[in-house]
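Participant: Sequence first, then the predicted structure:
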Amino acid sequence: MTDVITAARWWTMDYAYAVAWQVRAKFNRTDPASFRGGEGPPVIVLPGIYETWKFMQPIVATLHDRGHPVHVVETLQRNLRPVIEMAQRVTEYLEQNDLRDVILVAHSKGGLAGKLVMAGEAAQRVRGMIAVSTPFGGSRYARVMPIRSLRALAPDDASIMSLSRDLTVNSRIVSVYPRFDPHIPESSRLPGAKNVCLDTGGHFRILAHPRVLAEVAALAERGE
């Protein structure tokens, strides 16, 4: 159990991180094409709801510096569309660019789209996925949200239930999540996956945790 004071501190740090990177993203003019060079396994980043790829730029830059060509699916925009539409756009990008042996690095809702991609027609193009703070079983908080795109993340939503029942690709997923997530009280534990629970709290700030990069490196080395 996490005590109230510790949870409050983590919550504050988490939102400070999120606000800082949302502000930076607003004024960031970096061309995502500048990250496509590299000799390592290609990476596609899948941000969460209300996030553009720029919210994940710290991990994008680090992965690129480590030799990965990193791709951004700009048609996802701020990821407000249903998960199935997000997955379709990612699949189209994979096919149009003929990408293979791809590692998906996803945050929150992006991990749901990534799992759907891995179970679909582009399955053979994806080596695996690192999913950070993804509500694989939904979040009960989503039920009280006033916006449909958020309510779609509730545990009893049809798309969440369908994804939960599909266990076929779970063994190729690494789910990284904190001990305390203010957005996903159910946790992001995924049956059959490699589950990595970090001894910290937050929904956003763990994107910068070194264990996330370590899991990407481990997945990259697995196929070499």
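Facilitator: That came through fine.
Participant: pLDDT of the longest helix along the chain, averaged?
Facilitator: If you go by DSSP state H, the chain has its longest helix at helix 4-27. Helix 4-27 carries an average pLDDT of 91.
Participant: Show me which residues of that helix are buried.
Facilitator: With burial defined by 16 or more other CB atoms under 10 Å, the residues of helix 4-27 counted as buried are 10, 14, 17-18, 21, 25. C-beta coordinates here come from the backbone N, C-alpha and C atoms, glycine included.
Participant: From the contact counts, what lies against that helix?
Facilitator: Contact analysis of helix 4-27 by 3 or more CB pairs under 8 Å, 6 or more residues apart in numbering; DSSP states H and E lists helix 57-65, strand 173-180, strand 194-201 as its packing neighbours.
Participant: As a check, name the ranges of all helices in the chain.
Facilitator: 4-27, 57-65, 83-96, 109-118, 148-151, 158-165, 210-222.
Participant: Could you give the separation of the third one from the chain centroid?
Facilitator: In terms of CA atoms, centre = their mean, to the nearest Å, the centre of helix 83-96 is found 15 Å from the chain centre.
Participant: Okay, buried residues for that helix please.
Facilitator: For helix 83-96, burial by neighbour count (16+ other CB under 10 Å) applies to 83, 86-91, 93-94.
Participant: Also the last one?
Facilitator: Residues of helix 210-222 classed as buried by neighbour count (16+ other CB under 10 Å): 212-213, 215-216, 219-220.
Participant: same question, the fifth one
Facilitator: Using 16+ other CB under 10 Å as the test for burial, helix 148-151 gives 149-150.
Participant: May I have it as CSV, with CA atoms only?
Facilitator: Provided in CSV are the C-alpha atoms of helix 148-151 (Å, rounded to 0.1, in the frame of the first residue of the first chain):
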residue,chain,number,x,y,z
ARG,A,148,-16.4,10.1,-24.9
SER,A,149,-12.8,9.5,-25.9
LEU,A,150,-11.9,9.1,-22.2
ARG,A,151,-15.0,7.1,-21.3
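Participant: Name the member of the buried residues of helix 210-222 with the shortest distance to Glu39.
Facilitator: Nearest to Glu39, judged by CB to CB, of the buried residues of helix 210-222 is Ala220 at 11.1 Å.
Participant: If His107 is in a bridge, with which residues?
Facilitator: His107 forms beta bridges with Val132, as assigned by DSSP bridges.
Participant: Give me the distance between it and Val23.
Facilitator: Per CB to CB, to the nearest Å, His107 is found 17 Å from Val23.
Participant: quick one on the thing from earlier: distance to Thr2 and pLDDT for the buried residues of helix 83-96 - can I get that in JSON lines?
Facilitator: Shown next, in JSON lines, are the buried residues of helix 83-96 (distance: CB to CB, whole Å; pLDDT from 0 to 100):
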{"residue": "Val83", "distance to Thr2": "29", "pLDDT": "95"}
{"residue": "Met86", "distance to Thr2": "31", "pLDDT": "96"}
{"residue": "Ala87", "distance to Thr2": "33", "pLDDT": "96"}
{"residue": "Gln88", "distance to Thr2": "38", "pLDDT": "97"}
{"residue": "Arg89", "distance to Thr2": "37", "pLDDT": "97"}
{"residue": "Val90", "distance to Thr2": "34", "pLDDT": "98"}
{"residue": "Thr91", "distance to Thr2": "38", "pLDDT": "98"}
{"residue": "Tyr93", "distance to Thr2": "38", "pLDDT": "97"}
{"residue": "Leu94", "distance to Thr2": "39", "pLDDT": "98"}
